[in-house]
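Participant: Okay, predicted coordinates and the sequence, questions at the end:
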Amino acid sequence: MSTREIQLANERGVALVNANDYACVSQYKWHLSKEGFAKRMSPRTRRYGPRKPIYMHREILGAPAGTQVWHIDGNRLNNTRANLRIFTSDESRFWAKVKKSAGCWIWTGSRDPKGYGTFCWHSHGRARTRKTHRISYEMHYGPIRKGLSVCHSCDNPSCVNPAHLWLGTNAENAHDKKVKGRARNTNTTKTHCKRGHEFTPDNTAIDPRGARVCVACRRAKGRARYARASNRAIHETGNCWPRWTA
């Protein structure tokens, strides 16, 4: 859709609008507000009555009272409809805690121990704490299919920039970590098992999953299992060798 330019008063800037909206908004004289928006003042309803500011982006969308309009690209003079979005009070609180830059958009609110942002989001009459990068993805791209993860191409867990987020399975996320050298398995660096036995070549076995197993612990577990079975058989039959009984 083609765009038109509207010159602000005193040549303080140029506002962009869609061609279809140009005739409606170009009939007024627009000024640059202190916040960087294009605005005009409403006509007085009586001789000395107050005049209220009217913002171009709100007038174009017809935004109802109590809502806010977000400029997607951050340019407050780009008032094309594709760049404007009405958002709720939850979204208003959300973006108030985001510090935007040319790269990552950093979440400045609460975070979990892994560095991911958390936010109380209301949905279907319920409030629950959610990860901020998932909220940001849904705002820009729509619902997340079940079983998929929202991954960061920037490897910054506190980033909510939608350009840095992509959908993938757990396997794809793990592969991405491995390729970037971020995959860590602390078990591979251990020299002793949790019971203190050293992982020597003679004391190490590999299970079907490819994990290391302590041979001494496996033997001790087998002996304990056999002792429990023997004690249970003795209690039931009174014979210390129940497997030989007829």
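Facilitator: Yep, that arrived.

Participant: and the gap between His197 and Ala216?
Facilitator: His197 sits 5 Å away from Ala216, going by CB to CB, to the nearest Å. The C-beta positions use only the backbone N, C-alpha and C, and glycine is treated the same way.

Participant: cool, and Lys180?
Facilitator: As judged by CB to CB, Lys180 and Ala216 stand 37 Å apart.

Participant: which SS class is Gly147?
Facilitator: Following DSSP: H, G, I helix; E, B strand; the rest coil, we place Gly147 in the coil state.

Participant: Let me see the contact set for the most centrally placed residue in the chain.
Facilitator: When the chain is reduced to its mean C-alpha position, the closest residue under CA atoms, centre = their mean turns out to be His133, at 1.2 Å. Residues near His133 by CB atoms under 8 Å, 6 or more residues apart in numbering: 116-117, 150, 152, 157, 159-160, 165.

Participant: Mind giving me the packing neighbours of the longest helix seen in the chain?
Facilitator: Longest helix in the chain, counting residues (DSSP state H): helix 215-237. Applying 3 or more CB pairs under 8 Å, 6 or more residues apart in numbering; DSSP states H and E, we find helix 215-237 packed against strand 204-206.

Participant: Sheet partners, orientation included, of the strand it packs on?
Facilitator: The sheet places strand 204-206 alongside strand 212-214 (antiparallel), with pairing taken from DSSP bridges.

Participant: May I have the predicted confidence score for Asn185?
Facilitator: Asn185 carries a pLDDT value of 64.

Participant: Check the one 4 residues further on too.
Facilitator: According to the prediction, Thr189 has pLDDT 71.

Participant: And Ala38, by the same measure?
Facilitator: Looking at Ala38, its pLDDT reads 93.

Participant: who does it bridge with?
Facilitator: In this entry, Ala38 is beta-bridged to Leu32, by DSSP bridges.

Participant: picking up where we left off before, tell me which of Lys180 and Ala216 has more neighbours.
Facilitator: Using other CB atoms under 10 Å, the more surrounded residue of Lys180 and Ala216 is Ala216, with 15 against 10.
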